[in-house]
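J.: Next come a sequence and a model predicted from it.
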Amino acid sequence: MGDREVPKERDGGLRELLSSKEALRPLIEDCRKGRISRAVARREARDPRLTATYDSPLDHAQEFAWRVAHLSVREAVRFKKALKLLRSEKDGDVRALTKGGMDVKGEGVYQALLLQSWMLRYDNPQLMCHLAKVAMEMCDGFDPEVYGIKRVADLRARAWGELGNAYRVANRYREAEEAFGEAFHFLRQGSGDRELKLHLLDLEASLLGTLREFELALDRLGTLSRMYREDGDLHLAGRALMTKALYTYYNGNTEGACQIIAEGLSLIDLDRDPSLVVVAAFDQLLFLVDAGHYSEATRALFENRPRFSDQGRMVMIKLRGIEGSISYGIGNLESAEVAFREAKADFAEAGMIFGCALAGLELATTLLRQGKTEEAIKEGLESAELFLSLKMQREILGTALFLKEAFEDRTVELETLEKTIRWLRKKMIEYGV
């Protein structure tokens with residue numbers, strides 16, 4: 001927290017209430033020095049809910065198998081060698097191929113570049129873009145008389161799509177939009193490969209979601225789900241609905257999100273992708289709480305608790321916060337207070353500033369509702385200072401300043417706090433923190 005003195009006319013005993021700020025000072029100092037903001041960015045990039053293409057070991061295996069299956073025996077050998085070379089060096093750029101005695105040509109190398117680009121999406125967005133761009137440029141070397149005009153168009157469409165996705169990951173959104181334009185242009189000239197069309201629609205939906213063009217993204221995802229159903233792949237249809245539910249929630253339709261995610265969960269194959277089921281079940285809990293469906297949330301929590309138990313400490317900390325929200329919603333304020341105190345402490349210990357601040361604000365609301373005004377003000381001011389210390393998103397600064405002033409002036413209202421918490425909870429999901 002900041003060291004600013006509270007003016008005497010606003011004091012009202014707040015000096016004593018702020019005396020516990022030392023416990024949170026190390027966390028805020030990390031924020032100010034940029035350590036927490038970088039950690040937040042890494043967690044956000046890894047959150048599978050933020051992309052239409054979920055990440056799991058199965059995805060990795062399927063990507064590898066798909067690319068090998070479409071190659072001749074000779075090119076499959078070159079693909080594996082090229083991939084090994086690209087992964088053999090720290091930087092892993094195209095020079096790794098030439099150092100290993102390989103020419104940058106042929107479909108095997110092309111597929112290796114695209115796969116390695118995709119694998120780097122969480123760790124090195126710039127290199128991800130570079131490898132995808134080289135693969136795109138390689139398409140000029142594919143002889144239409146050898147590959148066929150339509151096949152070359154397909155290869156161009158895929159490379160442009162992968163490059164567009166790479167630009168999205170690197171926050172180069174204008175270039176991403178242009179790349180997807182090229183991808184769909186070549187798709188129309190190609191063989192009509194349905195799998196390729198689905199893949200490009202999937203990637204473009206992620207871009208539209210990132211750009212907050214939710215209506216367009218929802219149209220794409222609805223089409224994807226329908227096409228997967230027509231192909232008999234209910235699991236992928238359900239996966240598309242998972243993302244559609246999330247974007248529906250971001251777009252302000254929580255009731256719709258609850259309905260869509262329930263439908264998606266009914267289609268997901270647990271054995272095929274257990275991690276996706278866990279993510280979807282967790283999102284469903286958040287949506288139900290936000291919509292005020294506490295009985296359904298309680299039932300969903302009971303049914304899915306075994307799935308959450310082996311997902312690591314972070315999931316269990318967030319789950320404790322959800323338990324507090326459910327208890328608050330049904331009026332069990334003592335249980336809610338205990339849950340929020342535990343969640344706040346655990347978030348703080350884990351260095352998760354946003355979660356710590358939100359749990360503290362929920363605790364303040366619970367205390368205020370119990371008539372514990374002084375404790376509520378203390379917790380509210382601590383949370384406001386934590387939010388102000390974050391450097392991850394400017395859009396929460398106005399809310400943080402409002403909270404700080406309201407708690408200092410003792411003008412904060414319960415209904416306003418509850419609305420603010422719902423908004424911040426949505427931001428917490430959106431940021432992946």
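T.: Done, it's in.
J.: all helices of the stretch 1-150 of the chain, in order?
T.: For the stretch 1-150 of the chain, the helices defined by DSSP state H, counting those that start in this stretch occupy 8-11, 14-17, 25-32, 35-46, 57-69, 73-88, 95-99, 107-119, 125-138, 144-147, 149-169.
J.: again, but for the stretch 151-300 of the chain
T.: Assignment of helices within the stretch 151-300 of the chain using DSSP H, counting those that start in this stretch yields the ranges 173-189, 194-210, 214-230, 234-250, 254-267, 274-291, 294-308.
J.: thought Ala176 was touching Trp160?
T.: No. Between Ala176 and Trp160 there is no contact under CB atoms under 8 Å: 10.5 Å. Backbone N, C-alpha and C define where each C-beta goes, glycine included.
J.: Please work out how many residues are found near the residue nearest to Phe184 when sequence neighbours are not counted.
T.: Here the nearest residue to Phe184 in space, its sequence neighbours aside, is Leu200; by CB to CB, 6 or more residues apart in numbering that works out to 6.6 Å. The number of residues packed around Leu200, counting by other CB atoms under 10 Å, is 24.
J.: And the pLDDT for Leu200?
T.: Leu200 is assigned a predicted lDDT (pLDDT) of 94.
J.: Surely it touches Gly181?
T.: No. Using CB under 8 Å, Leu200 and Gly181 do not qualify as a contacting pair, with a distance of 11.1 Å.
J.: Any chance of TSV for the helices of the stretch 151-300 of the chain, columns distance to Ile330?
T.: Converted to TSV, the helices of the stretch 151-300 of the chain look like this (distance: least, CB to CB, whole Å):
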stretch	distance to Ile330
helix 173-189	43
helix 194-210	33
helix 214-230	31
helix 234-250	22
helix 254-267	18
helix 274-291	11
helix 294-308	5
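J.: Kindly provide the distance from Asp193 to Leu187.
T.: Using CB to CB, to the nearest Å, one gets 8 Å for the distance from Asp193 to Leu187.
J.: where do the contact lists of those two overlap?
T.: Shared between the contact lists of Asp193 and Leu187 (criterion: CB atoms under 8 Å, 6 or more residues apart in numbering) are residues Asp154.
J.: And these two? Which one has more around it.
T.: Neighbour totals were compared for Asp193 and Leu187, and Leu187 leads with 23 against 17 (other CB under 10 Å).
J.: so what's the more buried one up against?
T.: With contacts taken as CB under 8 Å, 6+ apart, Leu187 has the following neighbours: 153-154, 157, 196-197, 200.
J.: let's see 6 Å
T.: Neighbouring residues of Leu187 by CB atoms under 6 Å, 6 or more residues apart in numbering: Ala157.
J.: The one 4 residues further on now?
T.: Taking CB under 6 Å, 6+ apart as the definition of contact, the neighbours of Ser191 are 150, 154.
J.: how much space is there between Met242 and Glu195?
T.: With distances defined as CB to CB, the gap from Met242 to Glu195 amounts to 20 Å.
J.: More neighbours: which of those two?
T.: Taking other CB under 10 Å, Met242 and Glu195 do not tie; Met242 has more neighbours (27 against 10).
J.: Assess the claim that the more buried one and Ala280 are in contact.
T.: Yes. The pair Met242 and Ala280 passes the contact test of CB atoms under 6 Å, sitting 5.0 Å apart.
J.: can you pull the buried residues of stretch 338-356?
T.: For stretch 338-356, the buried set under the neighbour-count rule, 16 or more other CB atoms under 10 Å, comprises 338-348, 351-356.
J.: What about those residues, which are in helices?
T.: Here DSSP state H is the test, and those give 338-348, 353-356 as lying in helices.
J.: quick one: low-confidence parts of this structure?
T.: 1-67, 91-92, 391-394, 432-433 (pLDDT under 70).
J.: please redo it, this time with the cut-off set to 80
T.: Scanning the chain for pLDDT under 80 picks out 1-70, 89-92, 273-275, 309-312, 391-395, 429-433.
J.: Next, work out how far apart Leu285 and Ile429 are.
T.: 11 Å.
J.: Which one of the two is surrounded by more residues?
T.: Relative neighbour count places Leu285 above the other of Leu285 and Ile429, with 24 against 21, counting by other CB under 10 Å.
J.: so that one makes contact with Ile322?
T.: Yes. The pair Leu285 and Ile322 qualifies as a contact (CB under 6 Å) at a distance of 5.5 Å.
J.: intersection of neighbour lists for these two?
T.: Contact with both Leu285 and Ile322 is made by no residue, according to CB under 6 Å, 6+ apart.
J.: one step back: and among the helices of the stretch 151-300 of the chain, the most buried is which?
T.: Each of the helices of the stretch 151-300 of the chain was given a mean neighbour count from mean count of other CB atoms under 10 Å, and the largest, a mean of 24, is that of helix 234-250.
J.: Could you list every helix and strand in contact with that one?
T.: Other helices and strands packing on helix 234-250, by 3 or more CB pairs under 6 Å, 6 or more residues apart in numbering; DSSP states H and E, are helix 214-230, helix 254-267.
J.: ok now the first one, how far from the chain's centre?
T.: On the basis of CA atoms, centre = their mean, to the nearest Å, helix 214-230 sits 19 Å off its chain's mean C-alpha point.
J.: Export only the CA atoms of it, formatted as CSV.
T.: Presented in CSV, the C-alpha positions along helix 214-230 are these (Å, rounded to 0.1, in the frame of the first residue of the first chain):
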residue,chain,number,x,y,z
PHE,A,214,-17.8,-11.2,-29.5
GLU,A,215,-20.8,-11.2,-31.8
LEU,A,216,-18.7,-12.2,-34.8
ALA,A,217,-16.8,-14.8,-32.7
LEU,A,218,-20.0,-16.3,-31.5
ASP,A,219,-21.2,-16.7,-35.1
ARG,A,220,-18.0,-18.5,-36.0
LEU,A,221,-18.1,-20.8,-32.9
GLY,A,222,-21.8,-21.6,-33.5
THR,A,223,-20.9,-22.6,-37.1
LEU,A,224,-17.9,-24.6,-35.9
SER,A,225,-20.1,-26.6,-33.4
ARG,A,226,-22.7,-27.3,-36.1
MET,A,227,-20.1,-28.5,-38.6
TYR,A,228,-18.5,-30.8,-36.0
ARG,A,229,-21.9,-32.2,-35.2
GLU,A,230,-22.5,-32.9,-38.9
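J.: Next one: the residue lying closest to Lys318 once chain neighbours are set aside from Ala159, what distance?
T.: Taking CB to CB, 6+ apart, and ignoring the residues beside it in sequence, Lys318 has Gly355 as its nearest neighbour in space, at 6.9 Å. Counting by CB to CB, the separation of Gly355 from Ala159 is 39 Å.
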